[in-house]
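Novice: Compute the structure for the input listed below.
(one chain, ligands or ions: 1)
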Amino acid sequence: MSPNSTLPGEEHRTTRASWLRAAVLGADDGIVSTASLMIGIAAAAGSRSAVLIAGTAGLVGGALSMAAGEYVSVSSQRDLEEADVRLEARQHKADPEGELRELEQIYRERGLDADLARQVAAQLSRGDRLSVHLRDELGLLEHSRARPLQAALVSAASFASLAVVPIVALLLAPASLRIATIATVSLASLAALGALGGHAGGAPMPAAALRVTVGGGLAMGITALIGRLLGAAAL
Ligand SMILES: [Zn+2]
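Specialist: Presented below is the predicted three-dimensional model:
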């Protein structure tokens, strides 16, 4: 059995790679940036309502900026893919024979002998020739094409839903433990999320959890320090 074949109960993961990436990025960012913002304001001796407003503004601004950023970045990926598709379509119009030979050559390089490569290329070219070339020559698969709108929506939704975590932590925290509660709840959620992301991506869970928790902890620590300094300077 080849290493690429799928066993029962085992699922290939690359098909969900693109939206998973957007979701994980949005979720981590939603917790880290919102919690850091709130902790910074709290460390500068901001009132509970100031911290709450900062968190809410952070949620809305962050989700929208996440959506815009993902849209732009995935769109440029999509533009590149579409330029490739147009170029390939032009080549097919200009030189169909050459394209058939190109396809034969691809199959020979993958290990078919000359006769079989010619047969395979000829048979596959009877249907949708262009998509055969897109797949076997350029590696463009329909299920893994760049989807700007999907990436934008997924990352904004995951950012907003996880940005709620530090806000709820603030609402439940006793006055003297605001910063500690926001930090603890946020870091625990980050660890859980990291483990989940690692699991979905097929990576070891403890390492994935540690990775996001250390990064998030650093971000919160640094903004707490800056908030404290700015608060002390009474800006
Ligand atoms: Zn081609």
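
Novice: Which one of the residues in the chain is closest to the ion?
Specialist: Residue nearest to the ion within the chain: residue 133 (3.8 Å; Cβ to the ion). Yep, even glycine has a C-beta here, placed from its N, CA and C like the rest.

Novice: What are the neighbouring residues in contact with that residue?
Specialist: Contacts for residue 133 (Cβ atoms under 8 Å, 6 or more residues apart in numbering) come out as 88, 92, 99, 102-103.

Novice: near the ion, which residues of this structure?
Specialist: Neighbours of the ion within the chain, by Cβ under 5 Å from the ion: 99, 102, 133, 137.

Novice: ok, now with 8 Å
Specialist: By Cβ under 8 Å from the ion, the part of the chain that sits against the ion consists of 88, 91-92, 99, 102-103, 133, 137-138.

Novice: So which elements touch the longest helix along the chain?
Specialist: Identified as the longest helix of the chain according to DSSP state H is helix 48-94. Packing partners of helix 48-94 (3 or more Cβ pairs under 8 Å, 6 or more residues apart in numbering; DSSP states H and E): helix 17-43, helix 96-109, helix 129-136, helix 148-172.

Novice: quick check: mean pLDDT across that helix?
Specialist: Across helix 48-94, the average pLDDT comes to 94.

Novice: Also stretch 159-175?
Specialist: pLDDT averaged over stretch 159-175 gives 96.

Novice: count of neighbours near residue 140?
Specialist: Counted with other Cβ atoms under 10 Å, the neighbours of residue 140 add up to 18.

Novice: right, I mislabeled it, should have said residue 172
Specialist: Residue 172 has 10 nearby residues by other Cβ under 10 Å.

Novice: what helix or strand is the closest residue to it other than its chain neighbours on?
Specialist: Nearest non-adjacent residue to residue 172, counting by Cβ to Cβ, 6 or more residues apart in numbering: residue 181, 7.1 Å away. Element membership of residue 181, judged by DSSP states H and E, is helix 178-201.

Novice: and the helix or strand following that helix with helix 148-172, angle?
Specialist: Helices and strands here follow DSSP H and E; after helix 178-201, the next one along the chain is helix 205-232. Here the directions of helix 205-232 and helix 148-172 differ by 60 degrees (axes from the mean of the first three to the mean of the last three Cα atoms, to 10 degrees).

Novice: buried ones in helix 205-232?
Specialist: Neighbour-count burial for helix 205-232, counted by 16 or more other Cβ atoms under 10 Å, picks out 208-209, 211-213, 216-217, 219-220, 223-224, 227-228, 231.
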